[in-house]
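Please find the sequence and the predicted model below.
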Amino acid sequence: MKLNLRLYTLNKINKDLVFCLITFLLLVWLTLEVISGNLDAWDHAFLDWIRHFHHPSLMILARVSYFLGEAEVAVFVVLIALIFLCWKRLWNEAFVLGISSLGVLLLIDKILKPWFGRIRPAPGVIDVHGKSFPSGHISGNFMLYLFFAYLIAFYFPKWGIYAYIAATILAGMMGWASIYLNIHWLTDLIAGCGVAYLGFMFSITLLKRVEKKYRNS
């Protein structure tokens, strides 16, 4: 029984590593294509196609969806989550949430965006400053809500699938809003999803290691 459990754990770890490696390689390829300008025509064509669906009600929905992904809202959500986790004495989860949220913020806004320096579509419906690649909206929020979904799935397994679906839909709405409001290119969002997935896998790996160290201490 113990041998089967170890083999199952090893197989799962191997699959996770393979998915992370594939995601990383695809992210590197996409980044090189974006830097070289090979995907510019495709990005412009997709943005032009989205503009054909202009409607006042969709504009309101896009503004609300984009607002839900704003840094101020994300910080508020993280603070509420940290308070809740500390109240429940889930110290490890709170620690990892804080480290991951701060880490992805610094990675995107202080390293990747200034490094690549990609210009946003113009003119944007909403006045947004800074560079566009990869999307911080998607990177930070998708990773955050995937982490929440993981915790829900761990403590309430019956609700796990619904939590992951909700996280994906919410991130999808934020991404669609970014394009609809002429703030991001599609490749910005795809890259953001890749960063979010890698950040999510880092978060749960860190959480497992912290919990293992806590149990052994």
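Alright, I've got the coordinates. Residues are numbered from 1 along each chain as shown.

which strands and helices sit next to the helix or strand where Y162 lies?
Secondary structure from DSSP states H and E places Y162 in helix 160-180. Contacts defined by 3 or more Cβ pairs under 8 Å, 6 or more residues apart in numbering; DSSP states H and E place helix 160-180 against helix 40-51, helix 56-68, helix 136-155, helix 186-216. All C-beta atoms are positioned from the backbone trio N, CA, C, and that covers glycine.

which residues touch stretch 166-173?
61, 65, 68, 138, 141-142, 145-146, 148-149, 193, 196 (Cβ atoms under 8 Å, 6 or more residues apart in numbering).

Counting neighbours, which bits of that stretch end up buried?
Of all the residues in stretch 166-173, those buried under the rule 16 or more other Cβ atoms under 10 Å are 167, 170-171, 173.

So V128: helix, strand or coil?
Secondary structure state of V128, per DSSP: H, G, I helix; E, B strand; the rest coil, is coil.

what's it sitting at in phi/psi?
When read as degrees, to the nearest 10, the backbone of V128 gives phi -120, psi 130.

May I have the predicted confidence score for the closest residue to it other than its chain neighbours?
Nearest-residue entry for V128: I183, 5.2 Å, with adjacent residues in sequence omitted and distances by Cβ to Cβ, 6 or more residues apart in numbering. On the pLDDT scale, I183 is placed at 90.

burial measure for A196, as a count.
A196 has 27 neighbours, counted by other Cβ atoms under 10 Å.

Go ahead and confirm it touches H137.
No - counting by Cβ atoms under 8 Å, A196 stays clear of H137, with 10.1 Å between them.

List just the nearest of the buried residues of stretch 166-173 to W49.
W49 lies nearest to M173 out of these, by Cβ to Cβ, at 18.2 Å.

Next one: that closest one from H137, what distance?
11 Å (Cβ to Cβ, to the nearest Å).

same thing with A166?
In terms of Cβ to Cβ, A166 sits 17 Å off from H137.

before we move on, what about T23?
T23 is 19 Å from H137, by Cβ to Cβ.

now do H54
Distance from H54 to H137, by Cβ to Cβ: 21 Å.

More neighbours: which of these two?
Set H54 next to H137 and count neighbours by other Cβ under 10 Å: H137 wins out with 27 against 9.

hang on, that one packs against H184?
Yes - using Cβ under 8 Å, H137 is in contact with H184, at 7.3 Å.

Name the residues contacting each of the two.
Residues touching both H137 and H184 (Cβ under 8 Å, 6+ apart) are 175, 178.

from what I can see W176 touches S65, true?
Yes - assessed by Cβ under 8 Å, W176 is found in contact with S65 at 7.0 Å.

Among those two, which residue is more densely surrounded?
Neighbours were counted for W176 and for S65 using other Cβ under 10 Å; S65 has more, 20 against 17.

Show the contacting residues for the more buried one.
173-174, 176-177.

quick one: the residue nearest to V128 from F46, how far?
14 Å.

Can you pick out the residue with more neighbours from the two?
Neighbours per residue (other Cβ under 10 Å) separate I183 from F46, with I183 holding more: 22 against 15.

What spatial separation is found between the more buried one and L21?
I183 is 31 Å from L21, by Cβ to Cβ.

What of D109?
Distance from D109 to L21, by Cβ to Cβ: 26 Å.
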